[in-house]
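S.K.: Below are the sequence and a predicted model; questions follow.
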Amino acid sequence: MLIERGIDLREARVIGDDPDAITAAVQELSAAYTHVFTSGGIGPTHDDITADNVARAFGVPIGVRADARALLEVHYAGTGQTLNEARLRMARIPEGAELIDNPISAAPGFTLRNVHALAGVPAIFEAMLQGCCRDSRAVRRYCRNP
């Protein structure tokens, strides 16, 4: 028996690494839909600019948050790797956002208002989305078979 999983998708867009395009899309989609899910752009490299522009779309500051940093410190200490400046970028969270658990690589996503910023790696995105469907009462009611 096939069990259908996921969300009822209404629209999908691909937006390049253009700050103005990301900001405009977040504002437009956030106003039009109950939930907006982003994929990618929250990682450690210079072109991971989604988090910055979600914050910009809502007019809130972004910075390294202590709880997100602590998650990364534990993760990297356990792997014997260093939490360097690039990796620390993954602890930059817009003010007022809730963290989204990342059970695979520890770098959290976040929810700001109705925008959920998830990792771009497909397996990590899926794990984070399943967590949103399981853990977030606001999101769960829109998920099929959470």
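M.R.: Okay, I see it. Residues are numbered from 1 along each chain as shown.
S.K.: This structure: strands as residue ranges?
M.R.: Assigned by DSSP state E, the strands in the chain fall at 6-7, 36-39, 62-64, 92-94, 98-100, 109-112, 115-118, 143-144.
S.K.: Give the rounded mean pLDDT of the last one.
M.R.: The predicted model gives strand 143-144 an average pLDDT of 69.
S.K.: residues contacting residue 120?
M.R.: For residue 120, the contacting residues are 39, 40, 41, 42, 43, by Cβ atoms under 8 Å, 6 or more residues apart in numbering. In this view, the C-beta of every residue, glycine as well, is placed from N, C-alpha and C.
S.K.: and the gap between the third one and residue 31?
M.R.: This means residue 41. 20 Å (Cβ to Cβ, to the nearest Å).
S.K.: of all the strands of the chain, which lies closest to residue 17?
M.R.: Counting by Cβ to Cβ, residue 17 lies closest to strand 36-39 out of the strands of the chain; the figure is 12.8 Å.
S.K.: what about residue 41 and residue 31, which has more around it?
M.R.: Neighbour count, other Cβ atoms under 10 Å: between residue 41 and residue 31, residue 41 has more, with 21 against 9.
S.K.: Quick check: closest non-adjacent residue to the more buried one.
M.R.: In space, and not counting its chain neighbours, residue 41 is closest to residue 50: 2.6 Å by Cβ to Cβ, 6 or more residues apart in numbering.
S.K.: I figured the one you found hits residue 38, correct?
M.R.: Yes - here residue 50 reaches residue 38: they are 5.5 Å apart, a contact under Cβ atoms under 8 Å.
S.K.: list residues touching both of these two?
M.R.: Common neighbours of residue 50 and residue 38 (Cβ under 8 Å, 6+ apart) are residue 117.
S.K.: Per-residue pLDDT of residue 130, please?
M.R.: Residue 130 is given a pLDDT of 87.
S.K.: burial count for it?
M.R.: Residues lying near residue 130 (other Cβ under 10 Å) number 16.
S.K.: Can you show me the helices along this protein?
M.R.: Applying DSSP state H to the chain gives helices spanning 19-32, 50-58, 66-79, 85-88, 122-135, 137-140.
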